[in-house]
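[1] Here's a sequence, model it:
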Amino acid sequence: FPVTIGEGVTLLSVICSLREEQTLDVHVAHVDHGLRDDSSADAEFVRHLSERYSVPFHVARVDVRSYAHEKGCGLEAAARSLRYDFLAETAVEIGATTVLTGHTADDQIETVLMNIARGGTTAALAGIPRQRTLTNGVRVLRPLLDFHRLDVENFARENQLEWVEDASNAEGLFLRNRVRHELLPHMTTVLGPGLGVNIIRIYRDWE
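    Numbers count the residues shown, from 1 in each chain. Just a heads-up that it's a prediction; the model follows:
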């Protein structure tokens, strides 16, 4: 599974604590999107983390900007496509049947709002699926979707787990960041703190 910031580090810690009991063969995959000058440092962090947990590490550096230009899409869409392509290829190569990602309830709320803004159908309210087929014989599971980002990071702090913050998560270049840092706080101020809870309730009704 991919390891990024607090969510991924927490997921790796929990899965590795269960691997003997559940006989799990754990691998870590990381995609360096090359969108920041220091992005290679994140890859090195994940490499050392994998060594600490004694799990195989798989990494790829991709050219998101060139891919976005070639496909005529935005950087976020390009990064996502290249990331899942790599995860699918890696899973097939090592014989894995499941890819885990660290998406949280907060990611779900942001996704539903973005889907609505893009003019999707009512199915857009379903947001991020808890699981889906990635490629033949490989599925994606998102075990942290019932937990909020803050809860996951608090778990990491309480268990003295180290992680790195992706600096691009604070930039307004990407739509998700603008939704996270600008739109959601404003909507919560206007509509009340129950906004996120209600969006999650809609998502669960669609499951």
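[2] Where do the helices of this protein begin and end?
    5-18, 39-52, 64-71, 75-94, 105-117, 149-158, 175-178, 184-191, 195-206 (DSSP state H).
[3] Need the mean per-residue confidence for the shortest one.
    Along helix 175-178, the predicted confidence averages to a pLDDT of 84.
[4] buried stuff in that helix?
    The neighbour-count check on helix 175-178 (16 or more other CB atoms under 10 Å) flags 175, 177 as buried. C-beta coordinates here come from the backbone N, C-alpha and C atoms, glycine included.
[5] thought Leu144 was touching Asp106?
    No: using CB atoms under 8 Å as the test, Leu144 is too far from Asp106 to be in contact (10.0 Å).
[6] so how far is the worst-scoring helix or strand of the chain on mean pLDDT off the chain centroid?
    Each helix and strand of the chain was given a mean pLDDT (mean pLDDT, DSSP states H and E); the minimum falls on helix 195-206 at a mean of 79. The chain centre lies 19 Å from the centre of helix 195-206; the measure is CA atoms, centre = their mean, to the nearest Å.
[7] do stretch 87-96 as well
    For stretch 87-96, the distance to the chain centre is 18 Å (CA atoms, centre = their mean).
[8] Need the CA coordinates for that stretch. CSV is fine.
    Taking Å, rounded to 0.1, in the frame of the first residue of the first chain, the C-alpha atoms of stretch 87-96 are listed here in CSV:
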residue,chain,number,x,y,z
LEU,A,87,0.0,0.4,-7.7
ALA,A,88,-1.7,-1.9,-10.1
GLU,A,89,1.5,-2.9,-11.9
THR,A,90,3.3,-3.5,-8.6
ALA,A,91,0.4,-5.6,-7.2
VAL,A,92,0.4,-7.8,-10.3
GLU,A,93,4.2,-8.1,-10.2
ILE,A,94,4.4,-9.3,-6.6
GLY,A,95,1.2,-11.3,-6.7
ALA,A,96,-0.8,-9.1,-4.3
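[9] That concludes my questions; thank you for your assistance.
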